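*Asks:* Next one to model:
(chains A and B)
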2 protein chains.
Amino acid sequence: MSGLPETVLAELVGALGEDAVVTDPDILAAHSHDRASFCAAGVPAVLLRPRITDEVQRVMRIAHRHRVPVVPQGARTGLSGAANAVDGSILLSLARMNRILEIDTVNHLAVVEAGVVNSVLSEAVAEKGLFYPPDPSSWRESTIGGNIATNAGGLCCVKYGVTRQYVRQLEVVLADGELVTLGSRTAKGVAGLDLVGLMVGSEGTLGIITKAVLALRPAPRPALTAAALFTSPSAAMAAVEKIMSSSIQPSLLEFLDGVTVRAVQAYRDMGLPPEAEAMLIAQSDAADAARLVTEMAGICREAGAVEVAETDDPKEAEMLLEARRLVNPAVERLGTTLIEDVAVPRSRLVEFVEELGRIAERRKVIIACPGHVGDGNLHPTIIFDRNDEQARDRALLAFDDVMAAGLAVGGTITGEHGVGMLKRSWLSTELGPRVTALQVGIKRIFDPQGILNPGKVW
Amino acid sequence: MSGLPETVLAELVGALGEDAVVTDPDILAAHSHDRASFCAAGVPAVLLRPRITDEVQRVMRIAHRHRVPVVPQGARTGLSGAANAVDGSILLSLARMNRILEIDTVNHLAVVEAGVVNSVLSEAVAEKGLFYPPDPSSWRESTIGGNIATNAGGLCCVKYGVTRQYVRQLEVVLADGELVTLGSRTAKGVAGLDLVGLMVGSEGTLGIITKAVLALRPAPRPALTAAALFTSPSAAMAAVEKIMSSSIQPSLLEFLDGVTVRAVQAYRDMGLPPEAEAMLIAQSDAADAARLVTEMAGICREAGAVEVAETDDPKEAEMLLEARRLVNPAVERLGTTLIEDVAVPRSRLVEFVEELGRIAERRKVIIACPGHVGDGNLHPTIIFDRNDEQARDRALLAFDDVMAAGLAVGGTITGEHGVGMLKRSWLSTELGPRVTALQVGIKRIFDPQGILNPGKVW
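*Replies:* This next block holds a predicted model:
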C-alpha cells in the first residue's frame, strides 16, 4: 500500500517513531500537492514529520540507501508544483521544525528552523523593533524554509529585495544525510563559491534546508500611501516609469488592471468606478514619506489619473491598500485561475500589457493582471471555466503565450513563483541548452542519485 | 621562450592579431601578479589583450584545445593573489574591453564590458543622477569585471551591500569558449539556480566575465559625518554595537585603531592626539541625516569618546573622512604590510580586537587595524621589516593567528578580499571537507580540464 517495501517503512518508523510517519491515504492525498493549477501530483508512499535535524539526517540516509525519491515540503502554498508528490516518494514535511532559536538585536539576525511560518517570525522580530522584509502573499501560512527554497518575493521587494538578500547561513542536510553549514553569520563573506545563494531558489532539488540565519533590518516607519485610478493601463505604466526613474524609492508600488479593479469592486464595494482600467497603489516608509507620497500622487495626476487619493495617516493608508489585499479572493470568484509570474524590464511594461490584451482576445480567455509593477513583476491571471474542456485548453495556450510574450520583451518566465513542474518545459527556452546543462551538472554534484525532488525545475 | 609551443602562439596571433599578443618578458613580469604580499607568481607564457568578446572566445577555444592554463586579469589590484600568473599560463587581460554600453535611467541599469574601471562607471552614472554603490578602495583603478570576480565590498556596504547585490546578468565565456548569458535584466527572477550569484566571487575559476548588467540606485544625498576619538578600542566597539542595534542605518561606519590613528597623524598633521586608541567615523545620507548624525555623535559621547566632531556641511564631512582615506599610504610607511580581511559578527568585535593585541604581543609584530566596523569586517594589517627573515616568519604566524581568531568568534577568513592564493590553505578549515568537495565539484562542471585560474581558491 505504501509503495515502499515494508522493511524500508520499518526503518523509517524506527528512525522517527510512529507518530512522525504517516501512511493514511487521505492525509497523503491532502499533502500530495501545493497550490499550483494543472500540475500532476503522484501518489506518495509516506509523509514524514521530523522534529529535529538529526531525524532529517536519518530520513535522508535511509532514502539514499534505498534510492527513494524525497519531496521536501513546507506549507505547500507554492504556485508551481515544486512541492507536489512523486509516485512512491517520501513527503518530507519540515512543518514541525518551527522554533525561532534566536533573535539577535545586536547583529540583526534571526536563527530559525525551516518550518517557522513567515508571519510568526515577522511578528516576533517586530516586537524587538526589527524587520524581516520578504512578504510573499502567503506570509501567514508559508514557512521560511519554503520561502528560501523558492526565493520568495512579495510586495516590499521594490525597496527591500527578495529572500536571497536576507539569507546569511544555512544548515542543509545533503542527499546522503550529511549535515553541512553553508555561508557565514557575518554581514560579508567571500570564502569560496556562494552556495547559500545557490541553495536559495533551488526548490528542494539540492538539499533539505533545516535551519537558517537570516539578516534583519531596523523596523521601518509606518508607510504612507497614495492610490490612483486611470482610464488606461498605459497611463498607469507611464506613471510607474516616471516614479521609478525619479529619486523616489517607493516601499511598495502595485498595479491592478481593469479586470482586477472590477473584480475587487464586485467582491466588496470600495467605490471603484467601472470605467477604471488601471489602479496604482504606492507607498513610502522613508523619513520624508509625506513629501514623497505627494510627489508620487502628483506624477499620477500628470500621467492622467482620474482619481488620486493620498494620506499621511497610517490607518487610512491601510484602507487604500485594502484593494490590493482583496485581489486574490476577488479574482478567484471569477472562475478557475491560472496564475502567471512573468517579470519584464519596467520600460517594456506597456508593450507587455498590450500584448496580454491581444492574447486574451486571441485565446478567448479573461486575463486579470495585478502585479508588483515597481519590479516589473506581473501576475497575469488567466480565468476560465475548468469544466469546459475547450476553455481549459485555451487557457493553457494563453499561459504559454504569456511566457513567450515576457521573454520577447527581455523578461523572465518567473519573477518569484519558481519553475517547479508548471514552467519546467519553458525553462530551457529561457536558459538555453548550455546553461541548462550547467544547472543539471550542479544538481548532480549535490544529488548524484537524483532522489531530491525529481521531476522538478529541469 | 614563451613556454607555449610556437604553433599555439601562432594560433593566438592569428586569432587576435599581433598587437593583442604580448610576449615581452618585462611586460609579462609586470603583469604576473596582483597586490597580494607573499603570494608566489609563476612565469606566464603570454599576455593577451582582447578587445571584443569574440576574441575572448577564440582565446578560450585555443586554450581549451591545448589545455593551456588561463589567468583572467582586470587591473590586478586584488589583495589575495587571485590574478597571479601560473607557469606557462595565458594572462587574459580584460582591460581593453572598457566600454560602457548603456546607462538605462528608466530601469536603473548599466551595461558594461568587464574592463570598465569602477570610478569611470560611478562618475558616468552620477552624471545621470544614479549611483553604483560598490566602492572598494581600489575604485579608481579596479575594473568591474574584477570587482565581480571578487565580490568587492567597500565603505558603503554597511548600508548598500556588496557587489553581488548589483549584478543582474552576466555574459560569460566558458572554459571551452562557448558564450553564455546568465541571469536576467529584470529586477526579480527565479528561473533555475542562481548562476550569476555563483559567478560573483568565483575569482576567475568558473569562466571569463566579459559583460555585466548592473543594477543602479537613485543618487543618495551628500552624506553628513560624525567622527569620534576614544581612549580604548572597546569603548569605540561599544558605540558601534549601540549604533548598529538602533534604528539608525549609517551609510558608512569606519574604525581606526590607535596604531592606525598615530600612523595617519604622522603622515599628515590632522591634530589627532597621541593618546587616541580608537577612532570612529560615521555617516548618514538619509533624508533625516542631520538628526541621525547627531544621534550617532551622542552615542559616541555616551560610550566615552574624548572628542566628537560632527558636521552638516558636506565639505567638512569630506574632511572628517580624510583620516580614513589616508589609512593605506600612512600604514604602508610603517613597513611591509600583510593585510588581513577577517569579518566577524559585530557583537564579537571587542573580543576579536583584544585578541589582535595578544597576537601582536606574542608574535612581536605591529598590527594596525582599520576596518569597515559596521559590517564587522576589519583589516588587521601586520607590519614588519621584510628584509628581516625572522620578522617575516613572525608576520606569517601572526597572519595565521588572526584567521584562527576570526573563525574562533564565528567569523570568516575573508570578508571582501577573497581567497586567491593567500588564504587557500585556510579555506577548507572554514568550509569543512564536504562543502569544499561540493565547491570543487561545481568548479569541475564549469571547467572539467581545470584550465581556468588553476591553483587558486581551493
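*Asks:* Residue ranges in chain A under the pLDDT threshold?
*Replies:* A:1-2 (pLDDT under 70).
*Asks:* how is it carved up into domains?
*Replies:* Per automatic domain parsing, the domain ranges recorded for chain A read A:100-218, A:222-327, A:335-418.
*Asks:* Show me what the helix or strand containing residue A:265 packs onto, helices and strands only.
*Replies:* For residue A:265, the host element (DSSP states H and E) is helix A:258-267. Applying 3 or more Cβ pairs under 8 Å, 6 or more residues apart in numbering or on different chains; DSSP states H and E, one finds that helix A:258-267 contacts strand A:278-284, helix A:327-332, strand A:366-368. Quick note: C-beta positions are derived from backbone N, CA and C, even for glycine.
*Asks:* Now with 6 Å, please.
*Replies:* Applying 3 or more Cβ pairs under 6 Å, 6 or more residues apart in numbering or on different chains; DSSP states H and E, one finds that helix A:258-267 makes contact with helix A:327-332.
*Asks:* got the CA coordinates for the helix it packs on in PDB?
*Replies:* Extracted in PDB, the C-alpha atoms of helix A:327-332 (Å, rounded to 0.1, in the frame of the first residue of the first chain):
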ATOM      1  CA  VAL A 327      -7.200  40.800  -5.300                       C
ATOM      2  CA  ASN A 328      -6.800  37.100  -4.700                       C
ATOM      3  CA  PRO A 329     -10.200  36.200  -3.300                       C
ATOM      4  CA  ALA A 330     -11.900  38.700  -5.700                       C
ATOM      5  CA  VAL A 331     -10.200  37.200  -8.800                       C
ATOM      6  CA  GLU A 332     -10.800  33.600  -7.700                       C
END
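*Asks:* Pull the residues that contact that helix.
*Replies:* The contact list for helix A:327-332, computed with Cβ atoms under 6 Å, 6 or more residues apart in numbering or on different chains, reads A:260, A:263-264, A:267, A:368, A:370, A:381.
*Asks:* what do you get for stretch A:251-269?
*Replies:* Contacts of stretch A:251-269 (Cβ under 6 Å, 6+ apart): A:155, A:158-159, A:223, A:233, A:272, A:276-285, A:323-324, A:326-327, A:330-331, A:334, A:368-371, A:373-374.
*Asks:* same check, this time on stretch A:371-386
*Replies:* Contact with stretch A:371-386 is made by A:157-158, A:240, A:250, A:253, A:255, A:331, A:334-341, A:343-346, A:356, A:365-370, A:391-392, A:395, A:398-399, A:402, A:415, B:186-188, as judged by Cβ under 6 Å, 6+ apart.
*Asks:* any idea how far residue A:4 lies from chain B?
*Replies:* Counting by Cβ to the nearest Cβ, to the nearest Å, the gap from residue A:4 to chain B is 28 Å.
*Asks:* my guess is that residue meets residue A:45, correct?
*Replies:* Yes: taking contacts as Cβ atoms under 6 Å, residue A:4 lies within contact range of residue A:45: 4.3 Å.
*Asks:* For these two, indicate the residue with more neighbours.
*Replies:* Per other Cβ atoms under 10 Å in any protein chain shown, whichever of residue A:4 and residue A:45 has more neighbours is residue A:45, with 25 against 22.
*Asks:* how close does that one get to residue A:12?
*Replies:* 10 Å (Cβ to Cβ, to the nearest Å).
*Asks:* hey, which helix is longest across chain A?
*Replies:* The longest helix of chain A (DSSP state H) is helix A:389-408.
*Asks:* Kindly confirm my reading that residue A:63 forms part of a helix.
*Replies:* Yes: under DSSP: H, G, I helix; E, B strand; the rest coil, residue A:63 sits within a helix.
*Asks:* who's the closest residue to it other than its chain neighbours bridged to?
*Replies:* Leaving out its chain neighbours, the residue that sits closest to residue A:63 by Cβ to Cβ, 6 or more residues apart in numbering or on different chains is residue A:70, at 5.0 Å. Counting by DSSP bridges, residue A:70 forms beta bridges with residue A:90, residue A:452.
*Asks:* burial of residue A:70, as a residue count?
*Replies:* Quick note: residue A:70 (other Cβ under 10 Å) scores 26 neighbours.
*Asks:* Spit out the contact partners of it.
*Replies:* Contact analysis of residue A:70 by Cβ under 6 Å, 6+ apart lists A:63, A:90, A:92, A:451-452.
*Asks:* Quick check: residues of the stretch 351-458 of chain A near chain B?
*Replies:* Taking Cβ under 6 Å from any Cβ of the partner chain as the criterion, the stretch 351-458 of chain A approaches chain B at residues A:375-377, A:410-416, A:418, A:427, A:430-431, A:434-435, A:439, A:441-442, A:445.
*Asks:* now do 7 Å
*Replies:* By Cβ under 7 Å from any Cβ of the partner chain, the part of the stretch 351-458 of chain A that sits against chain B consists of A:375-377, A:410-416, A:418-419, A:427, A:430-432, A:434-435, A:438-439, A:441-442, A:445-446, A:457.
*Asks:* buried subset of those?
*Replies:* Neighbour counting by 16 or more other Cβ atoms under 10 Å in any protein chain shown classes A:375-377, A:410-416, A:418-419, A:427, A:430-431, A:435, A:438-439, A:442, A:445-446, A:457 among those as buried.
*Asks:* on that earlier part again, would you turn the contacts of helix A:327-332 into JSON lines with neighbour count and distance to residue B:194?
*Replies:* Below are those laid out as JSON lines (neighbours: other Cβ atoms under 10 Å in any protein chain shown; distance: Cβ to Cβ, whole Å):
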{"residue": "A:260", "neighbour count": "27", "distance to residue B:194": "31"}
{"residue": "A:263", "neighbour count": "24", "distance to residue B:194": "35"}
{"residue": "A:264", "neighbour count": "25", "distance to residue B:194": "35"}
{"residue": "A:267", "neighbour count": "17", "distance to residue B:194": "37"}
{"residue": "A:368", "neighbour count": "26", "distance to residue B:194": "30"}
{"residue": "A:370", "neighbour count": "26", "distance to residue B:194": "26"}
{"residue": "A:381", "neighbour count": "27", "distance to residue B:194": "27"}
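*Asks:* Now the two most distant members of these.
*Replies:* A:267 and A:381 (14.2 Å; Cβ to Cβ).
*Asks:* As a markdown table, the domains of chain A with distance to residue A:40 would be great.
*Replies:* Below are the domains of chain A laid out as a markdown table (distance: least, Cβ to Cβ, whole Å):
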| stretch | distance to residue A:40 |
| --- | --- |
| domain A:100-218 | 16 |
| domain A:222-327 | 27 |
| domain A:335-418 | 13 |
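*Asks:* Mind checking those domains for the one nearest to residue B:350?
*Replies:* Among those, the nearest to residue B:350 by Cβ to Cβ is domain A:100-218 (11.3 Å).
*Asks:* what's the first-to-last distance across the closest one?
*Replies:* 18 Å (Cα to Cα, to the nearest Å).
*Asks:* close to chain B, is that domain?
*Replies:* Yes: applying Cβ under 7 Å from any Cβ, one finds domain A:100-218 touching chain B at A:105-107, A:129, A:150-151, A:153, A:157, A:162, A:165, A:178, A:180, A:182, A:184-195, A:197-198, A:200-202, A:218.
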